[in-house]
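Student: coords please:
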Amino acid sequence: MTTTETIRPSAHEGRADGVVARRVHGIPSNPFAVSDVRVAQARAAGAEIIDLSKGNPDGQPPDFMVETAARALRDPANFRYPPFRGKPGFLQAASGWYRREFGVSLDPGTQLLAVAGAGVGISVVIETLIDPGDLVVLVDPYYPQYAGSTAVAQGVVHRIEARPELGFLPDLDAVDPAVWDRARLLILNYPNNPTGAAATPQLFATAVRLAREHHVIIMHDFAYAGIGFDDQPPISLLQTPGAMDVGVEVCSLSKMYMIAGWRGGFIASGARLMESIVSVDEQTSLMAGSITQDAGAAGLNSDQSSVRVLAERYANRYHALRRALTEAGLELEISHGGLFAWMRVPPAWNDEDFSVWLLSHAHVAVIPGSDFGPSGRRFVRLSLLVPQTTLVEAAQRIRRARGAAW
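Tutor: Below is the predicted model:
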């Protein structure tokens, strides 16, 4: 027996071409793809570009992870699909990492999910929580995918400005309670991309209190776990009392272990919310690859000394770039971690024009700050994922090109 579903004509009304879903036309462009085009055009014209627009790791994973991946390639067990939630060894490694690094106890079978990168995790969480018209609260500036994935889910964005005088942290208590009453999801990200701000226990405690009072879920994008520049390493949202009731944390293997191309990460949350996240992930996402999970488990089970080496390297690069840009008459904001530097544009300039000027006159590519939200109009973002000597050369190019430009 077969059945035929009638498609009502109204389903196509308002579609620009009668085929593509209406929500597609509300999706913003990807600023990193736009930057790639600009850089490619400049290079095609003969310019030697220093590209500081990307977040692509410039090194390689620890040898023990490469060796683990090589062995995993030959393991017959990895010729088959991995379990939907993730390989038990990987989930146990993530649980052990949480326990050792943050004092957080998680059940590998019910509170963790392997994903093919943190970007997938972010998308899955938003798809799980947001219906059309639901409110998502973002701290401005923010990683562009938060707004993009919200647009795919047809949610609505409310922005809270993270002001420089507060260390680029939001004043959550200053937000109108009516916003929290309407909100479904608050997205946080520390160490922050693009500002380098670091979360404090007080910030997370305030977020958890408000989330419990107003029935909001907090998603913490913990992509830069372990990549801190201070004596106090980055903290997990899930360390906060009560966070397991209202929080979900998305973690990346790419940044800690330099395996961006292998695509790996995991989501942590309470068991009840995780069941819903898993149900969406099973229908919409590719499973994290077995090879990546085996190598990722080796990284998570390690003593994290390789991650501390990376954090120190990026801190040294940041400070070298800050010194060199100061000589060029430019100011980097204080950073506490992550992979990027947040630079004020000169007076009387805006971020878009200054980015174009840097590319055309200094042959240095950066990302305009407004790509990270309206509060970024007076800033540009620079990547620390090139050698220190290249960062200094970029600053010197800017100084030589400056002339009377500002």
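Student: so where does the spatially closest residue to V137 that is not a sequence neighbour fall, helix or strand?
Tutor: Spatially, and ignoring its direct neighbours in sequence, V137 is nearest to L186 (4.5 Å; C-beta to C-beta, 6 or more residues apart in numbering). (C-beta placed from N, C-alpha, C; glycine too.) According to DSSP states H and E, L186 maps onto strand 183-189.
Student: Now that strand: buried residues?
Tutor: Across strand 183-189, burial judged by 16 or more other C-beta atoms under 10 Å covers 183-189.
Student: Show residues contacting that strand.
Tutor: Applying C-beta atoms under 8 Å, 6 or more residues apart in numbering, the contact partners of strand 183-189 are 125-126, 129-130, 134-139, 142-143, 146, 155, 158, 199, 203-204, 207, 210-211, 214, 216-223, 237.
Student: Can you give the distance of that strand from its chain's centre?
Tutor: From the chain centre to the centre of strand 183-189 is a distance of 14 Å (C-alpha atoms, centre = their mean, to the nearest Å).
Student: Okay, now the sheet partners of that strand, with direction.
Tutor: strand 135-140 (parallel), strand 217-222 (parallel) (DSSP bridges).
Student: Tell me the helices and strands packed up against whichever helix or strand comes after it.
Tutor: Next along the chain after strand 183-189, taking DSSP H and E as the criterion, comes helix 201-214. Packing contacts for helix 201-214, counted by 3 or more C-beta pairs under 8 Å, 6 or more residues apart in numbering; DSSP states H and E, involve helix 177-182, strand 183-189, strand 217-222, helix 243-246.
Student: For L106, find the nearest of these.
Tutor: Nearest to L106, of all these, is helix 243-246, at 8.7 Å by C-beta to C-beta.
Student: and that closest one, which residues are buried?
Tutor: 243-244, 246.
Student: Just the C-alpha atoms of that helix, please, in CSV.
Tutor: Coordinates of each C-alpha in helix 243-246 appear next as CSV, following Å, rounded to 0.1, in the frame of the first residue of the first chain:
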residue,chain,number,x,y,z
ALA,A,243,25.6,24.2,35.7
MET,A,244,24.8,20.6,34.9
ASP,A,245,21.1,21.5,35.2
VAL,A,246,21.1,24.3,32.7
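Student: by contact count, what packs against it?
Tutor: Helix 243-246 makes packing contacts with helix 201-214, strand 217-222 when contacts are defined by 3+ C-beta pairs under 8 Å, 6+ apart.
Student: circling back: compare the strands paired with strand 183-189 and report which one is nearest to R74.
Tutor: Nearest of these (C-beta to C-beta): strand 217-222, 32.4 Å.
Student: Helix 201-214 and that closest one, what's the angle between them?
Tutor: 150 degrees (axes from the mean of the first three to the mean of the last three C-alpha atoms, to 10 degrees).
Student: Put the alpha carbons of strand 217-222 into PDB.
Tutor: Extracted in PDB, the C-alpha atoms of strand 217-222 (Å, rounded to 0.1, in the frame of the first residue of the first chain):
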ATOM      1  CA  ILE A 217      19.900  26.900  28.600                       C
ATOM      2  CA  ILE A 218      23.600  28.100  28.500                       C
ATOM      3  CA  MET A 219      25.800  26.700  25.700                       C
ATOM      4  CA  HIS A 220      29.500  27.300  26.400                       C
ATOM      5  CA  ASP A 221      31.700  27.000  23.400                       C
ATOM      6  CA  PHE A 222      34.900  25.800  25.000                       C
END
